[in-house]
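A.B. asks: Test case, fold it:
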Amino acid sequence: MRIAQVTYSTKPRGGVVHTLALSEALARRGHDVTVWTLGRGGDQAFFRSVDPAVTIRVVPFEPIDGEDVGHRIQRSIETMRRAFAESSSQFDAVHAQDCISANAVGPCIRTIHHLDEFTTPQLIACHDAAIREPIARLCVSAAVASDVADGWGLAPTVIPNGVDAERFVAAAGPAGKAGRDRWRTELGPYVLALGGIEPRKGSIDLLDAFSLLRSQRPDLRLVFGGGETLFDYRPYREAFDARAAVLGIAPTILGVIDEPELAPLVAGAAALAFVSTKEGFGLAAMEALAAGVPVVARDLPVLREVFGSTVSYATEATSIAAALSSAIGGDGPTADGGRALAAAHDWDDVARLHESFYEAVGQEGDHGQAVDLPDLHGAR
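C.D. replies: Sure thing, here's the model as predicted:
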């Protein structure tokens, strides 16, 4: 099968990580896979090396000084649309992984990783059209699929995310000791949050929680990693910095982490704080579980669905602080359950389900209804 996977960025955001891992797994199954992406700011390759069996097409997208988010989104759609138009007929399946891609590539399958609420008119239109107009829809959790059903009257098929568990298991084992030690020497004991500083990640709530935790563990450092985004979160970052100053906290802001350093950073953490207000699956938390690192998650239906009893749950600053304290002290869920859960989400199984979905859609279309597939663990 000739498959196009389309994403909006070369940077390590969750949907981009998903796109690359799924593409590589599909290629291992013998499919001819091409990943299309926008190369922002001169990028000519993804944040990590990609299996040579996968073809990469990077469409140049240069920044414009002073461009607002709405115009940047519209220009992103138009740039990808022009580049993809001549090639669209070459593929048996076109799979868009975000609203920009889904608006750019014509008839396609769309994975709705999570739902957002926007105020920018171009983003509102992009978001809505990318749910309504694809020929078929996937979600990585039943909770998000239920939200799509409630909001749009459509029934996406659910295929959970895969996880590169072995990489994080290795980072936590004897072979990964040097990498963990480098981070621990640089940072001391630390609580880690991934995904940058933005409203959806609950970053200010985590600051408030850490100020309470610090009274018990003054040796701990709060560390933020990642954060590449299209959106302008400067007002939120200003509020974050102001709150940190009031609390007397100096968090370490690492920005985007080089790919070889990410797994050691995760494996070296005392705990992962995963306190997003919205999520579609929780890949960063699953990677931490693979490394045996305790996770404190916001108590959301989607995270209850995905993680069950393998993480600790909290709702606001006081309970987040208490859960982090317990997790770091060894009183949270056992690491074995989290490792087993992460190991069960194998990308090759996920690729088999996508293959079946593409075939079903190609033969019948989905007409807004879910496609009947085996569950993830029955896919082998």
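A.B. asks: contacting residues around the least confident helix or strand in the chain by mean pLDDT?
C.D. replies: Using mean pLDDT, DSSP states H and E, the weakest-scoring helix or strand in the chain turns out to be helix 121-132, at a mean of 91. Residues outside helix 121-132 that contact it (C-beta atoms under 8 Å, 6 or more residues apart in numbering): 69-71, 73-74, 77, 96, 98-100, 102-103, 110, 112, 115-116, 118, 137, 148, 151-152, 154. For every residue, glycine as well, the C-beta is placed using N, CA and C.
A.B. asks: count of neighbours near D32?
C.D. replies: By other C-beta atoms under 10 Å, 16 other residues sit near D32.
A.B. asks: pretty sure it contacts A4?
C.D. replies: No: using C-beta atoms under 8 Å as the test, D32 is too far from A4 to be in contact (9.8 Å).
A.B. asks: Flag the shaky bits of the stretch 151-300 of the chain, pLDDT-wise.
C.D. replies: Filtered on pLDDT under 70, the stretch 151-300 of the chain yields the residue ranges 228-232.
A.B. asks: Repeat the analysis, applying 80 as the threshold.
C.D. replies: Scanning the stretch 151-300 of the chain for pLDDT under 80 picks out 227-233.
A.B. asks: what about the residue nearest to A170 when sequence neighbours are not counted, neighbour count?
C.D. replies: Nearest in space to A170, with sequence neighbours left out and distances taken as C-beta to C-beta, 6 or more residues apart in numbering, is G176 at 5.6 Å. Using other C-beta under 10 Å, G176 has 19 other residues around it.
A.B. asks: ditto for T277
C.D. replies: With other C-beta under 10 Å as criterion, T277 counts 11.
A.B. asks: returning to that earlier point: would you double-check that the residue nearest to A170 falls in a helix?
C.D. replies: Yes: the assignment for G176 is a helix, going by DSSP: H, G, I helix; E, B strand; the rest coil.
A.B. asks: on that earlier part again, toward the C-terminus, what is the element adjacent to the least confident helix or strand of the chain?
C.D. replies: strand 136-139 (DSSP states H and E).
A.B. asks: Which strand runs longest in the protein?
C.D. replies: Longest strand of the chain, by residue count under DSSP state E: strand 32-40.
A.B. asks: So for that strand, what gets flagged as buried?
C.D. replies: Using 16 or more other C-beta atoms under 10 Å as the test for burial, strand 32-40 gives D32, V33, T34, V35, W36, T37, L38, G39, R40.
A.B. asks: So the third one versus V58, what's the distance?
C.D. replies: Between T34 and V58 the distance, using C-beta to C-beta, to the nearest Å, works out to 11 Å.
A.B. asks: Tell me which stretches of the stretch 201-350 of the chain form strands.
C.D. replies: Shown for the stretch 201-350 of the chain, the strands assigned by DSSP state E, counting those that start in this stretch span residues 221-225, 252-255, 271-274, 295-298, 312-314.
A.B. asks: nope, the stretch 1-150 of the chain is what I was after
C.D. replies: Going by DSSP E, counting those that start in this stretch, the stretch 1-150 of the chain shows strands at 2-6, 32-40, 55-61, 93-96, 109-112, 136-139.
A.B. asks: Next, format the ones you listed as a markdown table and append mean pLDDT and distance to V361.
C.D. replies: Output for the strands of the stretch 1-150 of the chain, formatted as a markdown table (pLDDT from 0 to 100; distance: least, C-beta to C-beta, whole Å):
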| stretch | mean pLDDT | distance to V361 |
| --- | --- | --- |
| strand 2-6 | 98 | 12 |
| strand 32-40 | 96 | 17 |
| strand 55-61 | 97 | 22 |
| strand 93-96 | 98 | 8 |
| strand 109-112 | 98 | 6 |
| strand 136-139 | 97 | 4 |
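A.B. asks: and stretch 342-352, average pLDDT?
C.D. replies: Averaged over stretch 342-352, pLDDT sits at 97.
A.B. asks: now do the same end-to-end measure for it.
C.D. replies: Stretch 342-352 has its terminal residues 18 Å apart, counting by C-alpha to C-alpha, to the nearest Å.
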